[in-house]
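In: Attaching a predicted model along with its sequence, questions to come.
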Amino acid sequence: MNEHLDQMPSGFFRLSKDYFILSTNKTLLNILSYNQAELVGKFVHTIFSNSSSAFFQLHFYPLITEKNRVEELYIELKSKSGKIIPVLLYANSLHNGEMLCNVVPITKRNQYIDQLLEAKKIAEKRLTEKNELNAQLKLTLKRLEEKQEELLKVNLENHQYKKETKKELELAKKIQETTLTKAFDNHHLQIDSHYKASSELSGDIYGFYQINEYQYGIILLDVMGHGISSALITMSLETLFQRLITKGVATDLVIQELDNHLHSYFDNNEEAWHYCTAIYLFVDTENQTIEYINAGHPPALYVETSGQLKELQSSTPPLGSFKGIEFRTTKFTYTQGARILLYTDGVSEPLEHGHLSDILKAYTADSLKTLKDKLMESLEREGEEYYKNDDQCFILMDLK
Amino acid sequence: MNLTIDVSKNEDVHEVKLSGEIDVYTAPKLKDTLLPLTQERGSTVHVYLDKIHYMDSTGLGVFISALKSTKEYDSKILLINLQERVFRLFDITGLKEVFQIESSIRGGL
């Protein structure tokens, strides 16, 4: 039996009713690094730590006296070398007052508990971090919602701004179109036109005016680019050419004044600089002559009833391009029934080279209205889409 | 709309090789590149246009600005290998007469 006690995995000792150690098993001796002789006959407190001695007295005595047994009493043993060994103590009292005590070291258990505590600590730390992250996430979400709200507000403002701008542009378009002279038909001339801006506003502008009973001035200009900036310049030019032409100012002076106007407009302002191409025709129906200046503009087409065609080509660079250009007037006599087409590059560029001349020659016997419809149809159907993003404008004139 | 601009220097000549389209969107980029070259006093600038298949009035405006600056800075600009459509633009506007335009140049492309 003693042999079995020695082989027990836990420590065992027997106490007298006065708490002296009567015997131990080998396991306890091994745990405490004592030999049998060093412990037997010693007061039990010999094997307790100081704190455990007090604890033992406080808890063990009452329990063993009252219930004759003690279970799972956590206590610290002290080895011979002073090493503290935590144990769980179990005890029974016998009839003769002796007590059988069993101690189970819980060093590993403590390690496990420590690990569990560490794991718990880590888990708690993670939970705290997670909570912090959650809080940050909530904050971010809140900010995001605020930004979204701001964005919606800005979008709404943008939408409103876009709507107002569109409305303003539509109004500006109407104003620009108001400045365009209306088609007319009298016993000298019939004039009609087509005007289509690539966006709301156009960089093209034209005007045809009766100066006196026999004289007419017809002008077409195309300001570089298209859109608002070009349109603003057309309005400025229109005011000037309308005044000059209706006063019957000489052809070369009309063009010279427009050129001067553009140069003075953009003098020392390279950023805003624009040039414009222009063609001006001065028609004298009494003498059946046409004076013209083409400044960098696509050639106007003059076709007689016989189908003979003449191009009124450019003789100088565009207006506002180079200072000091001398604008020279070209004059020719027209025949009755002849027809003239003036156009901007927004009309000629999408079509095949020579296409306008072909249409003009093919429709000499038809009315101006029929020719206009044909030209518009060509632009609509035949034009290359790639070149259709420019303003389109043409003027048709029948010389009677 | 896209424009590629390749600038190099061959002896004393600035060579500007263009590819793509010159319009209202790309013209500012060309202007920013070309004008500083023509504004170098006494410089010569060769502009290769064989890969420009579209140019509008805004593009033409850049070349007019460049030509004006050559007169102010005593520099030169030469336009080389224009495609037919682009050449026609210079022709129609009467600018063919004021620009120095070459259909090919030795040692060029």
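Out: Received, thanks. Numbers count the residues shown, from 1 in each chain, chains lettered A, B, ... in the order given.
In: Spatially central residue for chain B, please.
Out: By C-alpha atoms, centre = their mean, chain B has its centre lying nearest to B:Val47, at 4.4 Å.
In: What residues does the nearest residue to that residue once chain neighbours are set aside make contact with?
Out: Among residues not flanking B:Val47 along the chain, B:Val16 sits closest, at 4.7 Å (C-beta to C-beta, 6 or more residues apart in numbering or on different chains). Yep, even glycine has a C-beta here, placed from its N, CA and C like the rest. Shown in contact with B:Val16 (C-beta atoms under 8 Å, 6 or more residues apart in numbering or on different chains): B:Ile5, B:Asp6, B:Val7, B:Thr33, B:Leu34, B:Leu37, B:Val45, B:His46, B:Val47, B:Tyr48.
In: A:Phe184 touches A:Tyr209, doesn't it?
Out: No. Using C-beta atoms under 8 Å, A:Phe184 makes no contact with A:Tyr209, being 10.0 Å away.
In: These two: which is more packed in?
Out: Just comparing A:Phe184 and A:Tyr209: by other C-beta atoms under 10 Å in any protein chain shown the higher neighbour count belongs to A:Tyr209, 18 against 13.
In: Surely the more buried one and A:Phe241 touch.
Out: No. Using C-beta under 8 Å, A:Tyr209 is not in contact with A:Phe241, being 9.1 Å away.
In: Check the secondary structure at the closest residue to A:His45 other than its chain neighbours for me.
Out: Spatial nearest neighbour of A:His45, excluding adjacent residues (C-beta to C-beta, 6+ apart): A:Ser53 at 4.7 Å. Per DSSP: H, G, I helix; E, B strand; the rest coil, the local secondary structure of A:Ser53 is helix.
In: Where does pLDDT dip in chain B?
Out: B:1, B:104-109 (pLDDT under 70).
In: which parts of it sit against chain A?
Out: B:24, B:54, B:56-58, B:60-61, B:64-65, B:67-68, B:88-89, B:92-95, B:97-98 (C-beta under 8 Å from any C-beta of the partner chain).
In: I'd like to know which of those are buried.
Out: Using 16 or more other C-beta atoms under 10 Å in any protein chain shown as the burial test, the residues of chain B next to chain A include B:24, B:54, B:56-58, B:60-61, B:64-65, B:67-68, B:88-89, B:92-95, B:98 as buried.
In: Which strands and helices lie in contact with the longest strand that chain B contains?
Out: Ranked by residue count and defined by DSSP state E, the top strand of chain B is strand B:44-55. Helices and strands touching strand B:44-55, by 3 or more C-beta pairs under 8 Å, 6 or more residues apart in numbering or on different chains; DSSP states H and E, are strand B:13-22, helix B:27-38, helix B:57-73, strand B:76-80, helix B:84-92.
In: In the stretch 301-400 of chain A, what residue comes closest to chain B?
Out: A:Ser314 (4.0 Å; C-beta to the nearest C-beta).
In: That residue contacts A:Ala295, doesn't it?
Out: Yes. With contacts counted by C-beta under 8 Å, A:Ser314 reaches A:Ala295, the gap being 6.6 Å.
In: now B:Asn10: how far from B:Lys17?
Out: As judged by C-beta to C-beta, to the nearest Å, B:Asn10 and B:Lys17 stand 11 Å apart.
In: More neighbours: which of these two?
Out: B:Lys17 (18 against 11).
In: in the sheet, who's paired with the more buried one?
Out: Beta bridges link B:Lys17 to B:Asp6, B:Tyr48 when assigned by DSSP bridges.
In: That one contacts B:Tyr48, doesn't it?
Out: Yes. Counting by C-beta under 8 Å, B:Lys17 touches B:Tyr48, with 4.6 Å between them.
In: where along the stretch 101-250 of chain A do the strands fall?
Out: For the stretch 101-250 of chain A, the strands defined by DSSP state E, counting those that start in this stretch occupy A:184-185, A:189-196, A:204-210, A:215-223.
In: Now mean pLDDT and distance to chain B too, for these, in CSV please.
Out: Shown next, in CSV, are the strands of the stretch 101-250 of chain A (pLDDT from 0 to 100; distance: least, C-beta to the nearest C-beta, whole Å):
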stretch, mean pLDDT, distance to chain B
strand A:184-185, 93, 29
strand A:189-196, 94, 17
strand A:204-210, 95, 11
strand A:215-223, 96, 7
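In: okay, those, which one's buried deepest?
Out: Of all the strands of the stretch 101-250 of chain A, strand A:215-223 has the most neighbours on average by mean count of other C-beta atoms under 10 Å in any protein chain shown, namely a mean of 25.
In: follow-up on the earlier one: so which of the helices and strands packed on strand B:44-55 is nearest A:Arg328?
Out: Checking the helices and strands packed on strand B:44-55 against A:Arg328 by C-beta to C-beta gives helix B:84-92 as the closest, at 18.0 Å.
In: Show me which residues of chain A sit near chain B.
Out: So chain A meets chain B at A:222, A:224-227, A:270, A:273-275, A:277, A:294-299, A:314-318, A:321-322, A:345, A:353, A:386-387, A:390 (C-beta under 8 Å from any C-beta).
In: and A:Glu213, how many neighbours does it have?
Out: For A:Glu213, using other C-beta under 10 Å, the count is 8.
In: oh sorry, the question was meant for A:Thr285
Out: 20.
In: And the residue lying closest to it once chain neighbours are set aside, how close does it get to A:Gln111?
Out: Once flanking residues are discounted, A:Thr285 sits nearest to A:His188: 4.0 Å by C-beta to C-beta, 6+ apart. Distance of A:His188 to A:Gln111, computed by C-beta to C-beta: 117 Å.
In: Please say which of these two ends up with more neighbours.
Out: Between A:His188 and A:Gln111, counted using other C-beta under 10 Å, A:His188 has the larger neighbour count: 18 against 10.
In: Determine the longest helix present in chain A.
Out: helix A:107-178 (DSSP state H).
In: circling back: please produce TSV containing the strands of the stretch 101-250 of chain A, extended by distance to A:Glu118.
Out: Putting these into TSV (distance: least, C-beta to C-beta, whole Å) gives the following:
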stretch	distance to A:Glu118
strand A:184-185	100
strand A:189-196	81
strand A:204-210	83
strand A:215-223	81
